[in-house]
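Undergrad: One predicted model, sequence on top.
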Amino acid sequence: MLASALRGFFLWLSHLGWVAWLALHTPLLRRVALRFVAGTTLDQAVEAVRTLNGSGAMATLDVLGESVEDRAAADRAAAAYVATIERIAAEGLDANVSLKLTQMGLDLGVESCLEIIAPVVEAGARHAIFVRIDMESAAYTDRTLEVAQRLHAQGCDVGVVLQAYLHRSLADARAMAQAGIRVRICKGAYAEPAEIAWHDRGRIGQSFVEMAKLLLEADAYPAIASHDPEMIEAVRSFVEESGIGRDRFEFQMLYGIRRDLQRALLEQGYRLRIYVPYGTEWYPYFMRRLAERPANVLFVLRSVFGERG
Ligand code: FDA
């Protein structure tokens with residue numbers, strides 16, 4: 001009950017511009033946020049990816065930013081992705097990129113978004129670097145899938161994310177598998193109403209596992225994105241029982257979260273990709289991480305008061 005109220009509170013805060021401004025200008029909070037973010041510059045992100053690659057993990061780089069409402073800012077975000085892709089290729093990193101369509105101008109319309117994202121997918125194609133399209137709130141689900149389908153139809157190597165908490169996602173997973181579009185499955189990080197999304201943890205887990213089984217059986221190279229040991233165990237036992245090879249899927253986790261589990265999966269010989277966000281626009285990303293785990297608030301408070309003490 002308290003956890004759910006706190007989750008709602010942090011997701012609500014994540015939309016408040018003035019709180020974002022305050023947070024971005026509070027050096028102490030910025031330092032705390034860096035537990036979940038690889039740094040504010042591409043150099044720092046590259047360093048983090050090098051370390052991850054050294055430990056056997058792959059990476060997906062996210063240039064932080066979302067809800068961009070003017071064309072020039074969206075073009076700048078796209079240019080930052082092109083630079084990231086060029087750098088991944090130049091450094092020979094084992095990494096791809098993840099982006100949000102509202103950062104690529106989705107609020108300006110699907111056609112504008114397709115124009116803005118074009119240089120990014122072209123850079124991806126030039127260097128054979130996969131582009132994953134993150135999934136945002138349910139207001140964007142249809143448009144996000146439409147953009148992904150249109151890019152895929154043009155021959156671009158793009159994939160999507162489906163959120164297990166949405167009632168529609170199992171059907172979407174089936175459609176993506178049929179279309180040959182790769183899917184990352186996650187539980188879902190936004191505040192959605194009960195009419196369209198499950199709120200019960202058990203039911204979300206059930207949906208997650210159903211989607212994972214469907215995509216594994218379809219040989220669609222799903223990304224299993226979760227830090228939940230139950231989800232990981234369910235997928236592990238399913239692939240063992242079904243004789244599905246470890247090269248036919250990958251686990252994914254967020255930078256700085258459950259490093260113990262990350263190490264264990266690598267030691268057991270599973271493929272693991274870490275989502276590595278970087279940039280100055282860390283506020284909404286950070287608030288979603290607080291919403292997922294209220295105990296993180298204690299971590300923030302301890303850091304703040306610990307520093308003052
Ligand atoms: P759950 O929330 O049950 O957590 C399981 C355990 O993991 C916790 O008990 C705790 O130990 C640890 N944990 C989880 N979150 C933590 C946190 N913030 N801080 C510290 N520990 C934490 N969502 C979305 O809507 N669209 C998207 O595109 C993506 N993309 C994405 C990519 C990748 C690689 C990952 C791993 C996740 C996403 N997500 C996402 C986020 C996802 O929807 C979900 O909110 C989080 O992964 C948390 O759910 P878990 O499955 O980890 O389980």
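TA: Arrived safely.

Undergrad: give me the number of residues near the residue lying closest to Pro222 once chain neighbours are set aside?
TA: Spatial nearest neighbour of Pro222, excluding adjacent residues (C-beta to C-beta, 6 or more residues apart in numbering): Leu215 at 3.7 Å. In short, each C-beta sits where N, CA and C put it, glycine included. A total of 25 residues lie near Leu215 under the criterion other C-beta atoms under 10 Å.

Undergrad: Sticking with Leu215, tell me its helix or strand.
TA: Taking DSSP states H and E as the definition, one finds Leu215 inside helix 201-217.

Undergrad: swap in Cys113?
TA: helix 110-127.

Undergrad: Centroid-nearest residue for this structure?
TA: The chain has Asp134 as the residue nearest its centroid, 5.4 Å off, counting by C-alpha atoms, centre = their mean.

Undergrad: any idea how far that residue is from the ligand?
TA: 3 Å (C-beta to the nearest ligand atom, to the nearest Å).

Undergrad: Centre of the chain to the longest helix along the chain, how far?
TA: Determined from DSSP state H, the single longest helix within the chain is helix 71-91. With C-alpha atoms, centre = their mean, to the nearest Å as the basis, helix 71-91 stands 17 Å off its chain's centre.

Undergrad: Please apply the same query to stretch 224-232.
TA: That offset, for stretch 224-232, works out to 14 Å (C-alpha atoms, centre = their mean).

Undergrad: Repeat that for stretch 38-49.
TA: For stretch 38-49, the distance to the chain centre is 17 Å (C-alpha atoms, centre = their mean).

Undergrad: One more: stretch 54-74?
TA: Relative to its parent chain, stretch 54-74 has a centroid offset of 9 Å by C-alpha atoms, centre = their mean.

Undergrad: Give the rounded mean pLDDT of it.
TA: The average pLDDT within stretch 54-74 is 94.

Undergrad: All the strands of the protein, in order from the start?
TA: 58-63, 95-99, 131-133, 158-163, 182-186, 223-225, 250-254, 272-278 (DSSP state E).

Undergrad: okay if I get those as JSON lines plus mean neighbour count?
TA: Below are those laid out as JSON lines (neighbours: other C-beta atoms under 10 Å):
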{"stretch": "strand 58-63", "mean neighbour count": "25"}
{"stretch": "strand 95-99", "mean neighbour count": "24"}
{"stretch": "strand 131-133", "mean neighbour count": "23"}
{"stretch": "strand 158-163", "mean neighbour count": "24"}
{"stretch": "strand 182-186", "mean neighbour count": "25"}
{"stretch": "strand 223-225", "mean neighbour count": "24"}
{"stretch": "strand 250-254", "mean neighbour count": "22"}
{"stretch": "strand 272-278", "mean neighbour count": "24"}
